[in-house]
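Novice: Sequence below, structure please.
(one chain, ligands or ions: 1)
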Amino acid sequence: MDTDSQRRYWDALAPVYARITRIRTDDFHWGPQIPGERELRLLPPLGPGSSALELGCGEGQNSVFLAKKGVRCEAIDVSEAQLAHARDLAAREGVRIDFRRQSLEDFAAAPPPDAPFDLVHSSHALEFVEDPGAVVRAMAAAAKQGGTVAVSAVHPLFNGDWIEGEWEDESGRGAGDAGAGLFLRSYFSPPDDVRDDAFGHAVSRAWPVSSWFGWFRAAGLEVTALLEPPATPDAPYTSDDWANHGGQLDRIPSTVILVGVRR
Ligand SMILES: C[S@@+](CC[C@H](N)C(=O)[O-])C[C@H]1O[C@@H](n2cnc3c(N)ncnc32)[C@H](O)[C@@H]1O
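Specialist: Residues are numbered from 1 along each chain as shown. A predicted model of the protein is given here:
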């Protein structure tokens, strides 16, 4: 996965992403169309005196949410265009956040100067790097002893092709209305999800749930939550496409969430 082409892709996509996604800042979101922190309650208590670092922050809604609670927030992203939207949003919401352009690969190679943090978090960014395990290790290293690392990423089942059609179950009966399902080429070796479109070229990978669990454990994190939430109509992160998901998200998860504590 080439970091420069990811950066160019997100720089080009940023204005469209800002227009089509609707992400609230009165809740901490864990991913598209799934319940937010208000319902899931996965984060430790945070407020004035605590600190958080966000990786691949995009427009920074989660950092804005935390900063409004008095948390000292830093956030990085590879895309200057995404960060420009994030800075605008923070200004509109009246909070100060230290936004910096940095790739996750560079973060993994060099710990941030202001570490350690009470919370190191990332939503739907680690799937864009070649070695998510190295990033999880660096996240753990940037967390305080007893601090929290939270990652959400694309669920491996969501990388399959959703197909409608006529099916037969093992007994040879047609599946009737339930005639839709998933074709997944390989769960264990996820194929690259390649986006070659008007914005350029970007690649992501939908890793097995056990890989995330293993990376957390290898980084010295005690996994305190592993969730695969179904869709909800009242999600803090939505878009027209996510909201009209045609029933798919009622049957398979789109996001896997892992939370761990540094021991
Ligand atoms: C799907 S968006 C998610 C943004 C935000 N976390 C959210 O949930 O709205 C993915 C973000 O990851 C960033 N990104 C992709 N590859 C990256 C990399 N190698 N290093 C840092 N950020 C990266 C993109 O610029 C983009 O802002």
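Novice: Could you use CA atoms for every contact and neighbour count after this?
Specialist: Noted.
Novice: Pretty sure Gly60 sits against Ile76.
Specialist: No. In this structure, Gly60 is not within contact of Ile76 by C-alpha atoms under 8 Å, at 9.1 Å.
Novice: Compare neighbour counts for these two and give me the winner.
Specialist: Gly60 (28 against 23; other C-alpha atoms under 10 Å).
Novice: quick one: contacts for Ala52?
Specialist: Ser63, Leu66, Val71, Arg72, Cys73, Glu74, Phe117, Asp118, Leu119, Val120, His121 (C-alpha atoms under 8 Å, 6 or more residues apart in numbering).
Novice: so can I have TSV of those showing secondary structure and neighbour count?
Specialist: What follows is the contacts of Ala52, written out as TSV (DSSP: H, G, I helix; E, B strand; the rest coil; neighbours: other C-alpha atoms under 10 Å):
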residue	secondary structure	neighbour count
Ser63	helix	30
Leu66	helix	24
Val71	coil	22
Arg72	strand	23
Cys73	strand	25
Glu74	strand	23
Phe117	strand	24
Asp118	strand	26
Leu119	strand	27
Val120	strand	28
His121	strand	24
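Novice: Tabulate those in JSON lines, adding columns for pLDDT.
Specialist: Below are these laid out as JSON lines (pLDDT from 0 to 100):
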{"residue": "Ser63", "pLDDT": "98"}
{"residue": "Leu66", "pLDDT": "98"}
{"residue": "Val71", "pLDDT": "98"}
{"residue": "Arg72", "pLDDT": "98"}
{"residue": "Cys73", "pLDDT": "98"}
{"residue": "Glu74", "pLDDT": "98"}
{"residue": "Phe117", "pLDDT": "98"}
{"residue": "Asp118", "pLDDT": "98"}
{"residue": "Leu119", "pLDDT": "98"}
{"residue": "Val120", "pLDDT": "98"}
{"residue": "His121", "pLDDT": "98"}
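Novice: Gly146: which of those is nearest?
Specialist: Among the contacts of Ala52, Asp118 lies closest to Gly146 (C-alpha to C-alpha), at 7.8 Å.
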